[in-house]
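> the sequence and its predicted three-dimensional model are supplied below.
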Amino acid sequence: DTGVSQDPRHKITKRGQNVTFRCDPISEHNRLYWYRQTLGQGPEFLTYFQNEAQLEKSRLLSDRFSAERPKGSFSTLEIQRTEQGDSAMYLCASSPNGRSYEQYFGPGTRLTVT
Amino acid sequence: DQQVKQNSPSLSVQEGRISILNCDYTNSMFDYFLWYKKYPAEGPTFLISISSIKDKNEDGRFTVFLNKSAKHLSLHIVPSQPGDSAVYFCAARRITQGGSEKLVFGKGTKLTVNP
């Protein structure tokens, strides 16, 4: 039983460039979440999908951020015109029906904006 | 505002002894509480959860206690092992009026178990 996978694990980009991250949840998990973690902080909620529907976006998610989950399977998170403040670990999690409170996290994508 | 607080940034215990990690919360709408363990350069690993209607849940060496009146929960690890050394995050789940679910995390406590 594979866990949540994320790609890439590390991304270094120059300010102003666009980046896209991918998350593959645990199969049959219909709920998918994106979080962001910076140094010394706990993960902060960004957005939530139930199947393919995006049900909530945090106010942390500016207009430069967009997330999709086509067909309710994998998800992508895109950041346009990256800024140095976007440097963080981006975490994806999924949870199953019946125990949706148990969120299982992937290894994260470490983004560095230079 | 910090709805979930872990006031101890670090904790050091001897192998074989009990580790007690504490967490306080302010929002009465949280319905589940969870503990995660995190190693460097990895995502958080789910450890144990407790419903807001329970006061104790046990899984092997890990026990979580919930005191709803005090808005306080704790994670007990007995006996502590060197492999337990990691950052532990307390998290609380909230379901919004729109049906969205999210976890709110504390800042974490770094546990070091000395051999």
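Nice, I can see it.
> okay, CA-based contacts and neighbour counts for the rest of this
OK.
> list the contacts of the nearest residue to residue B:27 once chain neighbours are set aside.
Computed as Cα to Cα, 6 or more residues apart in numbering or on different chains, the closest residue to residue B:27 that is not its neighbour in sequence is residue B:3, at 6.2 Å. Contact analysis of residue B:3 by Cα atoms under 8 Å, 6 or more residues apart in numbering or on different chains lists B:25, B:26, B:27, B:104, B:106.
> nearest to residue A:57, of those?
Closest to residue A:57 out of the contacts of residue B:3 is residue B:104 (14.2 Å), distances taken as Cα to Cα.
> and the closest one, how many neighbours?
Residue B:104: 21 surrounding residues under other Cα atoms under 10 Å in any protein chain shown.
> so which elements touch the one helix or strand it maps to?
Residue B:104 belongs to strand B:101-105 when elements are defined using DSSP states H and E. Using 3 or more Cα pairs under 8 Å, 6 or more residues apart in numbering or on different chains; DSSP states H and E, the elements in contact with strand B:101-105 are strand A:44-50, strand B:86-95.
> ok, now how distant is residue A:30 from chain B?
Look at residue A:30 and chain B: by Cα to the nearest Cα, to the nearest Å, they are 13 Å apart.
> ok so, going back, so what touches the strand holding residue B:104?
With Cα under 8 Å, 6+ apart as the criterion, strand B:101-105 contacts A:33, A:42-45, A:48, B:3-4, B:89-95.
> can you tell me which of those is nearest residue A:85?
residue A:44 (14.5 Å).
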